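K.L.:
Please work out how this folds:
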Amino acid sequence: MHQSTSSNSVSGCPMHQSNPASNPSTSGCPVQHASAPKASGGCPVEHSSTGINPLNQMPSLPQTPLDPHSQSAPLPTDRTLSSIPRGTEDGKTQTWEYPSPQQFYNALVRKGWETPTEHVEVMVDIHNFLNERAWNEVLRWERRVAQPGDEQPHLARFKGRPGEMSPKAQFWMFMGWLLPTRFNTEPPFDRHDWVVRRPRTGEEVRYVIDYYSAPPTPDGEPVFALDVRPALDSFESARERVSVGMSDIWETMRERGWGNNRS
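P.N.:
Down below sits the predicted model:
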């Protein structure tokens with residue numbers, strides 16, 4: 001995402017249902033694209049360079065082809081405004097802006113990824129859709145601690161960390177290695193850290209997002225799962241993580257009838 005002036009289950013989850021503790025938000029992509037390439041390797045936009053925007057850890061992406069001779073077809077330069085607020089200016093809420101297909105393709109070229117231009121617009125749709133789903137999950141967490149009359153939180157800044165597996169993802173990978181028939185054995189294909197600012201107090205809270213992919217649905221629609229949670233940077237975040245985890249466990253027990261009286 002760039003600057004500008006968890007959930008409904010839609011498809012199958014890449015994690016086995018016998019793994020309730022991971023509890024990722026699962027979503028199918030809103031567009032049909034059986035030929036879309038499988039998501040891998042993290043977000044194509046470089047997030048770790050020097051001399052870049054400190055709010056999103058991204059370099060400036062041009063709206064013209066980096067190499068016009070190697071790009072097989074022109075790509076749109078229109079950019080979509082997200083629903084994710086980044087702050088206020090002159091009393092008006094400003095939102096983050098997604099890269100255009102041309103900017104997205106330039107990012108792929110910079111990273112040395114060979115991607116047919118006909119796939120790029122679909123990849124942008126997926127990228128934007130996953131960001132919107134992640135923000136919805138963040139808001140679910142934030143509503144748990146919000147006070148009456150609080151303004152909606154803002155996404156202050158973020159960073160992609162595809163090469164760094166979170167401790168939680170490492171734990172579930174270990175469980176997958178230990179019990180491969182019960183737990184997921186595929187690592188997340190990307191990780192983001194989002195810093196959310198609460199307007200009333202100015203407090204900033206870091207969220208960790210692990211992105212998982214799964215085999216597509218029979219009609220070819222990609223399936224993704226997002227594991228969104230506040231990082232264990234404070235007592236409040238740890239308390240909320242424990243509270244939600246216990247609620248999930250109790251709900252699972254209730255659905256299985258473990259808490260019912262039996263004659």
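K.L.:
Which strands or helices does the host helix or strand of residue 82 pack on?
P.N.:
Element membership for residue 82, per DSSP states H and E: strand 81-89. Applying 3 or more CB pairs under 8 Å, 6 or more residues apart in numbering; DSSP states H and E, we find strand 81-89 packed against strand 92-97, helix 117-145, strand 154-160. All C-beta spots, glycine's among them, are computed from the backbone N, C-alpha and C.
K.L.:
What segments of the stretch 151-263 of the chain are helices?
P.N.:
Per DSSP state H, counting those that start in this stretch, the stretch 151-263 of the chain carries helices over the ranges 167-178, 235-255.
K.L.:
Please identify the most buried of those helices.
P.N.:
Neighbour counts (mean count of other CB atoms under 10 Å) averaged over each of the helices of the stretch 151-263 of the chain peak at helix 167-178, with a mean of 15.
K.L.:
So which elements touch that helix?
P.N.:
strand 204-214, strand 223-230.
K.L.:
on that earlier part again, I'd like the helices and strands packed on strand 81-89 laid out as JSON lines, including distance to residue 104.
P.N.:
Shown next, in JSON lines, are the helices and strands packed on strand 81-89 (distance: least, CB to CB, whole Å):
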{"stretch": "strand 92-97", "distance to residue 104": "13"}
{"stretch": "helix 117-145", "distance to residue 104": "5"}
{"stretch": "strand 154-160", "distance to residue 104": "14"}
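K.L.:
Dump those into CSV; add mean pLDDT, distance to residue 236 and mean neighbour count as well.
P.N.:
CSV is the format used below for the helices and strands packed on strand 81-89 (pLDDT from 0 to 100; distance: least, CB to CB, whole Å; neighbours: other CB atoms under 10 Å):
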stretch, mean pLDDT, distance to residue 236, mean neighbour count
strand 92-97, 90, 25, 15
helix 117-145, 94, 7, 18
strand 154-160, 92, 18, 21
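K.L.:
closest one to residue 246 among the ones you listed?
P.N.:
Taking CB to CB, helix 117-145 is the member of those nearest to residue 246, at 13.2 Å.
K.L.:
Which one, of the helices and strands packed on strand 81-89, ends up nearest to residue 80?
P.N.:
helix 117-145 (6.1 Å).
K.L.:
The closest one to strand 223-230, inter-axis angle?
P.N.:
Orientation of helix 117-145 against strand 223-230 (axes from the mean of the first three to the mean of the last three CA atoms, to 10 degrees) gives an angle of 40 degrees.
K.L.:
Kindly calculate the angle that helix 117-145 makes with strand 154-160.
P.N.:
On the basis of the same axes, to 10 degrees, helix 117-145 is oriented at 130 degrees to strand 154-160.
K.L.:
What about the residue lying closest to residue 215 once chain neighbours are set aside, how many residues nearby?
P.N.:
Nearest-residue entry for residue 215: residue 223, 7.1 Å, with adjacent residues in sequence omitted and distances by CB to CB, 6 or more residues apart in numbering. For residue 223, the neighbour count with other CB atoms under 10 Å is 19.
K.L.:
so where's the stretch 151-263 of the chain uncertain?
P.N.:
Low-confidence segments of the stretch 151-263 of the chain (pLDDT under 70): 252-253, 256-263.
K.L.:
how much space is there between the spatially most central residue of the chain and residue 117?
P.N.:
Central residue of the chain (CA atoms, centre = their mean): residue 134, 4.5 Å from the mean position. Per CB to CB, to the nearest Å, residue 134 is found 27 Å from residue 117.
K.L.:
just residue 87 next, same as before
P.N.:
The spacing between residue 87 and residue 117, counted by CB to CB, is 34 Å.
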